[in-house]
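S.K.: Any chance you could fold what I've pasted below:
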Amino acid sequence: MAAKQITNAFPIVKKPNRGQKSMKDSDQLPSTSTHDQAAVDSIDDLQILKNFDLTLEFGPCTGITRLERWERAQKHGLNPPDEVKDILLKNKDEEYQMCLWKDYEI
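M.R.: Just a heads-up that it's a prediction; the model follows:
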């Protein structure tokens, strides 16, 4: 009976040489439409705002809008990200203006 070897259980995968491009490098992503790009940007903006809500460095966020919190942090010299203010001024929707905890009572 032949001894089992680990190479029998796992197939050998050859990697390309350093000079060769792999299939993944040569593939290009399809271009996204402007609607798809807007949806991705919206998700990115909401993630930035969520991170701002979760950063305790800028003070509590319940009971006030994100813009009020940003302005309060700026007034106290806490240097909140300018990117957050830009997002808030660009989007007037409640989803953007109110903090992450808006649905919970204090």
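
S.K.: Identify the single longest helix in the protein, thanks.
M.R.: Longest helix of the chain, by residue count under DSSP state H: helix 34-54.

S.K.: list the helices and strands that one packs on?
M.R.: Helix 34-54 sits against helix 66-75, helix 82-90, helix 94-97, with contacts defined as 3 or more C-beta pairs under 8 Å, 6 or more residues apart in numbering; DSSP states H and E. Any C-beta I mention is one placed from the backbone N, CA and C, and that applies to glycine too.

S.K.: Comparing those, which comes out most buried?
M.R.: For the helices and strands packed on helix 34-54, average neighbour numbers computed from mean count of other C-beta atoms under 10 Å are highest in helix 66-75, which has a mean of 17.

S.K.: pLDDT weak spots in this protein?
M.R.: Residue ranges of the chain with pLDDT under 70: 1-12, 19-35, 106.

S.K.: re the thing from before, now distance to Ala39 too, for the helices and strands packed on helix 34-54, in a markdown table please.
M.R.: What follows is the helices and strands packed on helix 34-54, written out as a markdown table (distance: least, C-beta to C-beta, whole Å):
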| stretch | distance to Ala39 |
| --- | --- |
| helix 66-75 | 21 |
| helix 82-90 | 15 |
| helix 94-97 | 14 |
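
S.K.: what's the closest of those to Lys14?
M.R.: Among those, helix 82-90 comes nearest to Lys14, with 44.5 Å by C-beta to C-beta.

S.K.: Could you tell me the angle between the closest one and helix 34-54?
M.R.: Interaxial angle of helix 82-90 relative to helix 34-54 (axes from the mean of the first three to the mean of the last three C-alpha atoms, to 10 degrees): 120 degrees.

S.K.: any residues touching the longest helix of the chain, and which ones?
M.R.: 32, 58, 61, 66, 69-70, 80-81, 83-84, 87-88, 91, 95-96, 99-101 (C-beta atoms under 8 Å, 6 or more residues apart in numbering).
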